[in-house]
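Need coordinates for the below:
(chains A, B and C)
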Amino acid sequence: MRRSTRIAVGPVQFRVGSDWAAPVAALDRLYAAYPNDPARPADATVRLFAARPWRRWLRPSVHIGGDYVVPDALPLPLSMGLLAAEMGMNLQVALGWRRHLLLHASAVARDGRAVIMSGVSGSGKSTLAALLGEGDWRLMGDEFTLIAPDSGDAFAFPRAVSLKNQAIAELAGRVEPERLGPLLAGTPKGDIRHLVPRANAIEAMHEPARPALLLFPRFGGDMAIEPMGAGEAFVRLTEASTNYIALGEAGFDALTRLVREMPAFAIAYPDSASGMALVEDLWAEAVR
Amino acid sequence: MIEPRYRAAPPEALRVEPLGDLTAIFDRRSVQTHLVVSPMPEILAAMDDEPCDAATLAARLAAEFEVEAEGDVGAIVAERLHELAALGLVAPA
Amino acid sequence: MSAMQVLAELFAGRRDPAGLIPRDWDGVIGVARAEAMLATLAHRLADAVLPGPVASLLADQRRAAAVATKQALWEAEMARRALAPERIEFVLLKGTAYAAAGLSCAAGRQIGDLDILVGWQDLARAENALLKAGWEWVKSDPYDDAYYREHMHELPPLIHGGRDRMIDVHHTILPRTHRKTPDPLAMLADAVPTAEGFAVLCPTDMVCHCAAHLLADGDLQGGLRNLWDYHRLVSDFAAADPGFWGKLDGRADQHGLRSEVRRAARLARDLYGTALPSGWDSHDTTDGWFRRRLLARDDWGRPSDFLLQQAFYIRSHWLRMPPAMLARHLWTKWRKGHNPASSGTSSA
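The predicted model follows:
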């Protein structure tokens, strides 16, 4: 690998190797504020590679690989190398991490307790978490939330937030320009810019939080709040977990405890402001 | 036709956790999670250490829940038992 | 020294893990994952002094492997429930067999599909019983389907939709068209029971099968793991039975697998330090190619030594098929756009 760098996010230490300098340089800029321990061995390997040697220069396209590779996955153009690196890091964690139950969910914390927001791409979970994180919440993560099987605590995975399309404008106005990555226009998921989490989120990234509220957000449409039973929440969280099966009984324990201890709601909201207000209202109820 | 008989899982094999409308069952032998609704949990609870067939179980359930043990109930229980066997939660005896 | 060489030395006990620096661990962990041996390494180093993050990672691996092994043994149980009513006898093979028999190579071993051996006369009934019990066909391409049935040594793969697990039903150890023809009937006849009542190959057959699988049935990709199985198997069996090596020689001759069994022993000695009896402790210059192929991965986990890879790939096909068949097979595959030279990525 021509270039490489090391990034630590939450409990995971990555080494990222690349056939090109640009994605590694972009990663280094984005993660400059993150602590870096050069003496720590890597848990996970990400590789950004050219399928054939000449593809480094001729119509360069970046394949995402490392410990785990998705066969037949489409490569990205070199201009989106940073996105490839982020996807690569997500992939290795999603398929390889076994210490915690992984939920496809964003999370924010206040006073040692967490709101967990589970949803697919486009549900609004990332944007909502990022906006709350700019207020008086600690951003724990926009993509993955980790649950420790023994204690049931939530742990942070605060990688750079992936803002898509309208979310970019919403956040760009509120944050210092240095915290935004380059505009990656026209990706398979639309326009993307990465947002570096605030200093408090990075400093506290190893601190657990007690799960207190579970939300299934849906952006767009009229305001709606639907309480969700523990059974349905359980099913939806197994669908939102990449490693539930691999964890065996420990995963079952963790998930049963989660759905019994957290009130759960499906929520819909027409815009971010009302979404944030919904979260605050439901939070006030949950921690009473 | 002789009714197939089924044997329940050994006592420590299953963890049964009610979650509202659903029941989550963790099978320690297969390390699998099954999400079931009534009457599955009731059928499992009605089995003891001896192998039994659908008719026997239907009678037990009818007595416990005070419903008529008609032919329908027997047929339903037989189908459910077959499904439970496919999941590995009961074994053909 | 490459990460692959360090990995082999760690397994062999020739390298003290306390002497590794963080960069070394990057490479060792990466290649161990690529070889599907990280959990095996975790067991091998269970009592070693390790840096905190490495110890935590390996503890995760041991825990996850225990779950995976249970799931694999459950597949065997579900196969038994499907086949027992039809009185179809079957023998467990490879990883599931090692786990069922409680062998030391099973510790942390990654198990993929369930592999079983049945008599060829039971093949059709086994197929029906499994389909009835919820398994379905994986391959739907008519050429591949016909190829599997007529020339390979197994039914086309079956997958159980509910559990998302595959079963491979074999009736021989190597493809029917292979230049070597080990005797499956003898293997079935001499199978031994495990504590839970499954059947596994007897010790000499288990070792013969391991050697055949390592050296005669593929291009040695993932060979380090198979070689580790071989090392642990012969070490355990020889420790329990002083006459084991002699019996192994005889059985290998019976199956026509003498050169595979001997070469595997030499490679295990070279890479893992297996103690061999004097008659087995020889040297063969061609072993060097095999050692190189087994260790052909760079410190980022990528397969290296492309030409050597191709040479072994061609060898594997040459072993499996008579020349005319090989030409026709490769022609058909090329026409369908399958490029046998497409690779260059690692996977787990």
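
Quick one: residues contacting the residue of chain B found nearest chain A.
Across chain B, the shortest distance to chain A (C-beta to the nearest C-beta) belongs to B:Leu22, at 3.0 Å. Quick note: C-beta positions are derived from backbone N, CA and C, even for glycine. For B:Leu22, the contact set (C-beta atoms under 8 Å, 6 or more residues apart in numbering or on different chains) comprises A:Gly229, A:Ala230, A:Gly231, A:Glu232, A:Phe234, A:Val235, B:Leu35, B:Val36, B:Val37.

if we go to 6 Å?
A:Gly231, B:Leu35 (C-beta atoms under 6 Å, 6 or more residues apart in numbering or on different chains).

what stretches of the chain score poorly on pLDDT?
Reading this off chain A. Applying pLDDT under 70 to chain A picks out no residues at all.

Actually, chain B is the one I wanted.
Ranges of chain B meeting pLDDT under 70: B:1, B:67-71.

80 instead, please
B:1-2, B:66-72 (pLDDT under 80).

Show me which residues of it sit near chain A.
Counting by C-beta under 6 Å from any C-beta of the partner chain, chain B comes close to chain A at B:Glu17, B:Leu19, B:Gly20, B:Asp21, B:Leu22, B:Ala24, B:Phe26, B:Val31, B:Thr33, B:Leu35.

one more time with 10 Å, if that's ok
B:15, B:17-28, B:31-33, B:35, B:37 (C-beta under 10 Å from any C-beta of the partner chain).

Buried subset of those residues as a ChimeraX selection?
Buried members of the residues of chain B next to chain A, defined by 16 or more other C-beta atoms under 10 Å in any protein chain shown, are picked up in ChimeraX with:
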select /B:17,19,22,23,24,25,26,27,28,31,32,33
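
now the strands for chain C?
C:91-93, C:114-117, C:135-137, C:158-160, C:165-170, C:192-193, C:199-200 (DSSP state E).

The stretch 151-288 of chain A now?
Here the stretch 151-288 of chain A has its strands, by DSSP state E, counting those that start in this stretch, at A:154-155, A:161-164, A:184-187, A:190-195, A:210-219, A:224-228, A:264-269.

And the ones you listed: which comes nearest A:Ala204?
Nearest to A:Ala204, of all the strands of the stretch 151-288 of chain A, is strand A:154-155, at 10.8 Å by C-beta to C-beta.

For the closest one, name the packing helices and strands.
If you count contacts as 3 or more C-beta pairs under 10 Å, 6 or more residues apart in numbering or on different chains; DSSP states H and E, strand A:154-155 packs onto strand A:101-110, strand A:113-118, strand A:138-141, strand A:144-147, strand A:210-219.

Strand partners (parallel or antiparallel) of the third one?
Paired strands of strand A:138-141, with direction, are strand A:101-110 (antiparallel) (DSSP bridges).

re the thing from before, could you export the strands of chain C as a markdown table, including mean neighbour count, distance to C:His213 and mean pLDDT?
Formatted as a markdown table, the strands of chain C follow (neighbours: other C-beta atoms under 10 Å in any protein chain shown; distance: least, C-beta to C-beta, whole Å; pLDDT from 0 to 100):
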| stretch | mean neighbour count | distance to C:His213 | mean pLDDT |
| --- | --- | --- | --- |
| strand C:91-93 | 24 | 9 | 98 |
| strand C:114-117 | 26 | 10 | 96 |
| strand C:135-137 | 16 | 23 | 91 |
| strand C:158-160 | 20 | 20 | 92 |
| strand C:165-170 | 21 | 11 | 93 |
| strand C:192-193 | 12 | 19 | 97 |
| strand C:199-200 | 21 | 15 | 98 |
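
closest to A:Ala22 out of these?
Going by C-beta to C-beta, the one of the strands of chain C nearest A:Ala22 is strand C:165-170, 40.7 Å.

Which strands or helices does that closest one pack on?
Using 3+ C-beta pairs under 10 Å, 6+ apart: strand C:165-170 touches helix C:52-83, strand C:91-93, strand C:114-117, helix C:123-132, strand C:135-137, strand C:158-160.

Next up, the contacts around the residue in chain A that chain B sits nearest to.
Closest approach of chain A to chain B (C-beta to the nearest C-beta) occurs at A:Gly231, with a separation of 3.0 Å. Residues counted as contacts of A:Gly231 (C-beta atoms under 10 Å, 6 or more residues apart in numbering or on different chains) are A:Val259, B:Glu17, B:Pro18, B:Leu19, B:Gly20, B:Asp21, B:Leu22, B:Thr23, B:Ala24, B:Leu35, B:Val37.

Count residues in the vicinity of the first one, would you?
Neighbour count for A:Val259, taken as other C-beta atoms under 10 Å in any protein chain shown: 26.

and the residue of the stretch 1-150 of chain A found nearest chain C, which of the three is it?
Closest approach between the stretch 1-150 of chain A and chain C, counting by C-beta to the nearest C-beta: A:Pro41, at 3.5 Å. The three-state label given to A:Pro41 by DSSP: H, G, I helix; E, B strand; the rest coil is coil.

Spell out which parts of chain B neighbour chain C.
Checking chain B against chain C by C-beta under 10 Å from any C-beta, the hits are B:27-32, B:34, B:85-88, B:91-92.

oh sorry, the question was meant for the stretch 151-288 of chain A
Counting by C-beta under 10 Å from any C-beta, the stretch 151-288 of chain A sits next to chain C at A:Asn243, A:Ile245, A:Ala246, A:Leu247, A:Gly248, A:Glu249, A:Ala250, A:Gly251.

Please state the backbone phi and psi of the residue nearest to B:Gly88 when sequence neighbours are not counted?
Leaving out its chain neighbours, the residue that sits closest to B:Gly88 by C-beta to C-beta, 6 or more residues apart in numbering or on different chains is B:Ser30, at 5.4 Å. Backbone torsions for B:Ser30, taken as degrees, to the nearest 10, come to phi -100, psi -10.

now the one 4 residues further on
With angles defined as degrees, to the nearest 10, B:His34 sits at phi -120, psi 140.
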